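J.: All I have is the shape, not the residue letters:
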């Protein structure tokens, strides 16, 4: 049977199975065999719009990364094609992206002078390492690692990076150029170089900035002027392209480069040359951590975006396969004179809105970039850097999420703490430090929270089978029975805390005879917690208190069955709290009845003796 | 009112309150005012036994730490007195301890030559740092930090250290001396130095070892010979003291030092000289991490032991105050020519069994050690090092817990993994690496586990209000309603996993109209999880599925109230699953009735028309 037949036929179960298995690793198989003229036309339209968008962005982000502008275009070709084969999102637009470029510059600047061939080669090396890390994580199905970057940390990172990126471009906008990677460096640089302001650049940059800011809000006005909502949105989106076209034209007409305005300059009119990243061990070691952080941050951004858009069309993406898709894209960038790439927020949204149906749209955009490189570079030569700076500033400011900060503050102080620390460290020490501190703080706060679990003593709501916190509700209690609900999985970090809680209860409740641990919220009892339960059981036994369990979940009970704890347990493991309550009450009633009977019997015996005070002092009673 | 009156009187509420507050920081206040002749006699007996035990142990552990033997005795004086003032355990015997000594040697050996004054001063510096860390942690109430050392990690650490300690002493036993801090180094050292075996030392050492091993098992035999159980145990316990006495006597009588047998040698007959640790910044930096790890490991060992023994007598200890107690003990060691100290397992158990009632027993033992230093050092000079090595080997082997390994393997593979990694890294890289790897692995495994929470679709057990996993039980279900129980707190690490689970359910269940998330085991919903819930709510809304919550706990509901999620929620937040189930069923029934009525109305209309097939194809019906 030919491979094509096996791929396209729907005849046999074997064919279907083969295709499904293969499509897991080559998602292109899930759509390419069904590609048709209709899909083609939709993808083509989207790809033309994205190509128009990608040109100024790619140039700008390459400059942000401290690389020659053309590197951005090189990184917008082969990586897109590779992603269309291995990626699972139908609409993700891969290529240079603001935060990743910022992190690239931060990683490379301490090692090499910006703009040198060594710097460019190091950028390829970074892309290669990042690609390898992503691909390997994908093959090992380690996509869940990205989940440890919590939402407040990502949001804080975006906000802080937005400010950093805008601040770094402000220097280019006013013709100063070059700046640091922390907010303090940048402010210091700006303040000490204010005398170097280049007025023609400043005028051009501010004009571009004002134009871009105005056109973003021009949508409603255009609609009032009679345009349809769709057309108005389209014109607004083309704002950056228009700014590029107008200022490039002005730059050419007025010969601005001769007056000292920085422009992109001559770009060789050929496709990306093949390249070899550096394999120097020292450099690889230096770049490993930055590559890891770039990979994770880029992946999180891409996958969140892809997931959100896929959900809108009821498609699904596979985070693990996304790792492979982004990994191969970065490897492609590494060997075609590129730079680290990932999913771009703005271009992806435009691709989606413009109606892209399959990853082919990305491949077509790559071809579009190729055509631009081959035929239009002479135009781009006059494009002023200040225009690119203005467009970066405008899009960077959209990353800043101040309402998110307020919302998080109201919702949870500890989430806000993680967010704030991320922002502050990103400002003071850069993106890498911000990410690591944010992850560290979120994990530490989570562990701290679970290490002091909420417990509640519950009582029966009269007449029902419901048991509620006795501090919040008027509930029925018995001073010989304590019902303790534990609101957390029991593991090493809180095992000792549980012991403290139980021993405290024991010290407070003199008449206690039965303690029931209600485990409805206990999803795990690890070996340390098991030791603690055994200690609690033994100690309660010494104090003549019986320990019971209630509402232990299936999987937890299965685990307990692997130890001999249930054999030692002084009491029972009840299915429900109500069952525990009724059974223990019965037992106590029986015991009390037996005790009473015994007492009566003993007082009858004693009545025959002359002792006039039979039951007052137990020790005396014991002696009799 | 005199201070004494305020401390001892029980007259006024103010006095009682004052004393309780003070006793929190000076636990001695809780017992010293009530000290009497009865307690004194019990403490004295225990202290004599402990003094006998502490002499050989302190000498041996000092040698294990690479220090002059006398250092062990110095560290067994002032630290005990300080602990009796600030410690909360009534029976903990503080002083040099095997694992801490091993870690001390591992920390100092790379820096200084063993036996030099610089090495001794560094040991004091380590004690000072360790004391400061413990005391500060105690004052900041950070005792819970120790909880992150899980039971399997501690158990693995003890097992591996036991083997390491025994192996290191084996070299001394056969007269080779000096060895490494990883098992590989030690084995290599032994194998390459086998030709250096000193036969007289070997014979003496093996004899002591055999004697110690035999006497440990002599208890039952002695009882058969007519001794009481108590006396038999006492004799067994005195085994090491007897071994020391006999071999010292033999060493003196046969003048073994002249034949090359290593002995403790001359010890200056004066009390511990005051000393000043080094404050050299480089050294402090080098020792900071070892000091922290020594503190934590020592603290865990002490506090577990103290807690276990306190529980037996219904006393309570305060872990935070224990940190202060051990901290001041180490600071005392630092300034009296000592070494890092902590609670000793064997001596504490003996102290407890011998009937010590208050920390005064520890102070009396310190005085006993002082008397020995002043009057008996000339005897100790002849004590062979090999005897000490033999006694260390025997007690180190008791740390090895092979049944614990097997038990953990059966109970939980991930706990076993943490244990195994601790053991392997301790063998290969030393105790510090073992501890850190163990903590890292336990945390990572816990986070991994919580990042993929167990979820169960539940159904109603017919005729009851109970809802159980439909895969485990024969339960009532409705294909328009899904009841999903989430068995984990929702936080950043599993928020996306929850989205995947819900979207998977949505894809599988075509007729789904209502989804109920049962949150009985959800103890926390953080900001990331809230974003995911909002995304789920929005996506379900797009698919015309209503999202409900059930059994949300009080504290979680309070948090949700701080966001606007409940306003957006398409469905309801029900108190119980049963309430959700009945209410949604009613709603669906009403809707179906309405639909049926509408259909009937429409079919009546259609009946008037010629269309013969009114309801077969919905699209046709839609057109009508």
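T.: The structure has been received and is ready for your questions. No experiment lies behind these values; they were computed from the predicted model shown. Residues are numbered from 1 along each chain as shown, chains lettered A, B, ... in the order given.

J.: Give me the helices and strands touching the strand or helix carrying residue A:390, please.
T.: Following DSSP states H and E, the helix or strand that holds residue A:390 is helix A:385-397. Contacts defined by 3 or more C-beta pairs under 8 Å, 6 or more residues apart in numbering or on different chains; DSSP states H and E place helix A:385-397 against helix A:37-64, helix A:98-108, helix A:151-173, helix A:199-216, helix A:239-253. Where C-beta positions appear, they are placed from N, C-alpha and C, glycine not excepted.

J.: any idea of the angle that helix forms with helix A:98-108?
T.: Calculated by axes from the mean of the first three to the mean of the last three C-alpha atoms, to 10 degrees, helix A:385-397 forms an angle of 110 degrees with helix A:98-108.

J.: Just the buried residues of helix A:385-397, please?
T.: For helix A:385-397, burial by neighbour count (16 or more other C-beta atoms under 10 Å in any protein chain shown) applies to A:385, A:386, A:387, A:388, A:389, A:390, A:391, A:392, A:393, A:394, A:395, A:396.

J.: contacting residues around the fifth one?
T.: The reference is to residue A:389. With contact taken as C-beta atoms under 8 Å, 6 or more residues apart in numbering or on different chains, residue A:389 is in contact with A:60, A:169, A:170, A:172, A:173, A:205.

J.: neighbours of the fourth one, just the number please.
T.: The number of residues packed near residue A:172 is 26, by other C-beta atoms under 10 Å in any protein chain shown.

J.: so what's the residue nearest to it when sequence neighbours are not counted scoring on pLDDT?
T.: Excluding its sequence neighbours, the residue lying closest to residue A:172 (C-beta to C-beta, 6 or more residues apart in numbering or on different chains) is residue A:389, at 3.9 Å. With respect to pLDDT, residue A:389 scores 87.

J.: And residue A:389, how close does it get to residue B:549?
T.: According to C-beta to C-beta, to the nearest Å, residue A:389 and residue B:549 sit 48 Å apart.

J.: Then residue A:278?
T.: Taken as C-beta to C-beta, the span from residue A:278 to residue B:549 is 54 Å.

J.: where in chain A is pLDDT low?
T.: Scanning chain A for pLDDT under 70 picks out the ranges A:1-16, A:177-180, A:311-312, A:314, A:604-624.

J.: Just the strands from it, written as ranges.
T.: Counting by DSSP state E, chain A has strands at residues A:94-95, A:342-343, A:455-460, A:467-469, A:481-486, A:514-518, A:546-550, A:573-574.

J.: would you turn these into JSON lines with mean neighbour count and distance to residue B:480?
T.: Rendered in JSON lines, the data for those read as follows (neighbours: other C-beta atoms under 10 Å in any protein chain shown; distance: least, C-beta to C-beta, whole Å):
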{"stretch": "strand A:94-95", "mean neighbour count": "33", "distance to residue B:480": "40"}
{"stretch": "strand A:342-343", "mean neighbour count": "29", "distance to residue B:480": "37"}
{"stretch": "strand A:455-460", "mean neighbour count": "21", "distance to residue B:480": "34"}
{"stretch": "strand A:467-469", "mean neighbour count": "20", "distance to residue B:480": "31"}
{"stretch": "strand A:481-486", "mean neighbour count": "22", "distance to residue B:480": "33"}
{"stretch": "strand A:514-518", "mean neighbour count": "25", "distance to residue B:480": "32"}
{"stretch": "strand A:546-550", "mean neighbour count": "22", "distance to residue B:480": "33"}
{"stretch": "strand A:573-574", "mean neighbour count": "18", "distance to residue B:480": "34"}
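
J.: As TSV, the ones you listed with distance to residue B:185 would be great.
T.: Compiled in TSV, these are given as follows (distance: least, C-beta to C-beta, whole Å):
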stretch	distance to residue B:185
strand A:94-95	51
strand A:342-343	46
strand A:455-460	47
strand A:467-469	57
strand A:481-486	46
strand A:514-518	47
strand A:546-550	47
strand A:573-574	49
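
J.: Which positions in the stretch 301-450 of chain A make contact with chain B?
T.: Counting by C-beta under 8 Å from any C-beta of the partner chain, the stretch 301-450 of chain A comes close to chain B at A:307-308, A:311-312, A:314, A:316, A:319, A:407-408, A:410-412, A:414-415, A:442-443, A:446-450.

J.: Give me the distance between the two termini of stretch A:460-470.
T.: Terminal residues of stretch A:460-470 lie 8 Å apart, using C-alpha to C-alpha, to the nearest Å.

J.: How about stretch A:221-235?
T.: 12 Å.

J.: in that stretch, what's buried?
T.: Neighbour-count burial for stretch A:221-235, counted by 16+ other C-beta under 10 Å, picks out A:222, A:232, A:233, A:234.

J.: how close does residue A:174 get to chain B?
T.: Separation of residue A:174 from chain B (C-beta to the nearest C-beta, to the nearest Å) stands at 38 Å.

J.: make that residue A:297, sorry
T.: Residue A:297 sits 15 Å away from chain B, taking C-beta to the nearest C-beta as the criterion.

J.: OK, now which residue of the stretch 151-300 of chain A is nearest to chain B?
T.: Using C-beta to the nearest C-beta, the single residue of the stretch 151-300 of chain A nearest to chain B is residue A:151, 3.6 Å away.
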